[in-house]
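Colleague: pasting the structure only:
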């Protein structure tokens, strides 16, 4: 293994530098991952433009790679060996608190960067912390004993495996949070990587009617949604979305609404509440709204709507995502639309943010392309 590791470091709002870090000593209970692909999502765009701190951070929380070196204790605990390909969840939990004991390690304080300044989470933790390599925008990444890993078939293309995070989110939110299943009628708002992943999850689960909405800018994504199993797609800029939904459902509305329109304001939530069936529907939303003046509480309670928040993924959802990717049942490789080298990290993030045009869905960062390094101090 090399003595130095090349990484793209976020050094300020919208600013990245290539730096080299010394290869850390791992010990008996650690490992080093040779990163093959790091996916980029909308969260990266927000964290890049408005970092929560001034600390230098190696971003990248959707990571797939090969275990290049591992201590004996790590291999025994993880039941993995050097040379195995794995998908790394971004949580680094304590595995001892009540949340971890309940299997909900995504809520563990040890990995919550919002409340714990010493938290460990891939793509969020400062490169000033021990081992330095806490993100996938690097050639290698450090794995402690408590990293949450999923083995990936060696035959699966790396960029396909890199879709495990959005697909696991789709499974978690659509199946486990919303309860989509046999004969469900589902409205998915927003045909980005999360919405498209939820389309696949709902189709696989047996939903009988899947409707996906988007804007005119989403034309290609809406077309892809239809290929992935959506029964109807609606361009909200060209059609009366609510009227069309009621027409499609025979006036009954949807059992489930999955809002994947992060940053689109209150309109999608209001549409979702109106589009749900007369009684007992479920609305799953992402936490992008700081305020919601005029929220229709009475309408929500009269319709007995259950509102849930979309937050992360579970171990089971990740395992199911890996199996779904390996099955080849859906052309999920079509979601991986763009790839960039490490030297183009800034361009890659901005592409996801819309600066490369409307055709971008999921972007892969490939750390082993050449770039010029700046020595890290």
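Modeller: Alright, I've got the coordinates. These numbers come from a predicted model, not from an experiment. Numbering: from 1, shown residues only.
Colleague: contacts only, for the nearest residue to residue 104 once chain neighbours are set aside.
Modeller: Excluding the flanking residues, the one nearest residue 104 by C-beta to C-beta, 6 or more residues apart in numbering is residue 314, at 7.4 Å. In this view, the C-beta of every residue, glycine as well, is placed from N, C-alpha and C. Listed by C-beta atoms under 8 Å, 6 or more residues apart in numbering, the contact set of residue 314 reads 103-104, 106, 172, 176.
Colleague: for stretch 45-61, which positions count as buried?
Modeller: 45, 47-48, 51, 56-61 (16 or more other C-beta atoms under 10 Å).
Colleague: give me the subset of the contacts of residue 314 lying in strands.
Modeller: Counting by DSSP state E, no part of the contacts of residue 314 is found in strands.
Colleague: average pLDDT across stretch 284-303?
Modeller: Per-residue pLDDT values across stretch 284-303 average out to 87.
Colleague: could you measure from residue 334 over to residue 45?
Modeller: Relative to residue 45, residue 334 is positioned 21 Å away (C-beta to C-beta, to the nearest Å).
Colleague: circling back: put the buried members of the contacts of residue 314 into a PyMOL selection.
Modeller: To isolate in PyMOL the members of these that are buried, counting by 16+ other C-beta under 10 Å, one can use:
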select buried, resi 106+172+176
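Colleague: turn the contacts of residue 314 into CSV, columns for distance to residue 37 and pLDDT.
Modeller: Shown next, in CSV, are these (distance: C-beta to C-beta, whole Å; pLDDT from 0 to 100):
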residue, distance to residue 37, pLDDT
103, 27, 92
104, 27, 94
106, 22, 93
172, 21, 96
176, 26, 96
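Colleague: so which of the contacts of residue 314 sit within helices?
Modeller: Using DSSP state H, no member of the contacts of residue 314 falls in helices.
Colleague: wait, what's in contact with the residue nearest to residue 149 when sequence neighbours are not counted?
Modeller: Closest residue to residue 149 apart from its sequence neighbours, by C-beta to C-beta, 6+ apart: residue 86 at 4.5 Å. Residue 86 sits next to 33, 64-67, 80, 149-152 when contact means C-beta under 8 Å, 6+ apart.
Colleague: what's the neighbour count on residue 1?
Modeller: Per other C-beta atoms under 10 Å, the neighbour tally for residue 1 reads 10.
Colleague: quick one: it and residue 11, what's the gap?
Modeller: 26 Å.
Colleague: next one: residue 98
Modeller: Per C-beta to C-beta, residue 98 is found 37 Å from residue 11.
Colleague: and the contacts of residue 86, which of them are buried?
Modeller: 33, 64-67, 80, 149-150, 152.
Colleague: so where's the stretch 251-377 of the chain shaky on pLDDT?
Modeller: Low-confidence segments of the stretch 251-377 of the chain (pLDDT under 70): 287, 370-377.
Colleague: all the helices of it, residue numbers only.
Modeller: Using DSSP state H, counting those that start in this stretch, the helices found in the stretch 251-377 of the chain span residues 267-275, 297-302, 315-327, 345-350.
Colleague: how about the ones you listed, which one is nearest residue 138?
Modeller: Comparing the helices of the stretch 251-377 of the chain against residue 138 with C-beta to C-beta, the closest turns out to be helix 345-350 (10.1 Å).
Colleague: coming back round to it: need phi/psi at the residue nearest to residue 104.
Modeller: phi -100, psi 170 (degrees, to the nearest 10).
Colleague: how much space between it and residue 175?
Modeller: 10 Å.
Colleague: cool, and residue 94?
Modeller: 27 Å.
Colleague: was I right to think residue 221 contacts residue 191?
Modeller: Yes - Residue 221 is within contact range of residue 191, at 3.8 Å (criterion: C-beta atoms under 8 Å).
Colleague: which residues do those two both contact?
Modeller: Shared contacts of residue 221 and residue 191 (C-beta under 8 Å, 6+ apart): residue 214.
Colleague: so what would you say the end-to-end distance of stretch 133-144 is?
Modeller: By C-alpha to C-alpha, to the nearest Å, the extent of stretch 133-144 from end to end equals 11 Å.
Colleague: how far does that stretch sit from the chain's center?
Modeller: Its chain's average C-alpha position is 17 Å from that of stretch 133-144, according to C-alpha atoms, centre = their mean, to the nearest Å.
Colleague: likewise for stretch 327-336?
Modeller: Using C-alpha atoms, centre = their mean, the mean C-alpha position of stretch 327-336 is found 16 Å from that of the whole chain.
Colleague: I'd like to check what contacts it. Which residues are they?
Modeller: Outside stretch 327-336, the residues that touch it by C-beta under 8 Å, 6+ apart are 157, 159-160, 162-163, 166-167, 193, 196-197, 200, 203-204, 224, 227-229, 324-325, 361-362, 364.
Colleague: right, I'll leave it there.
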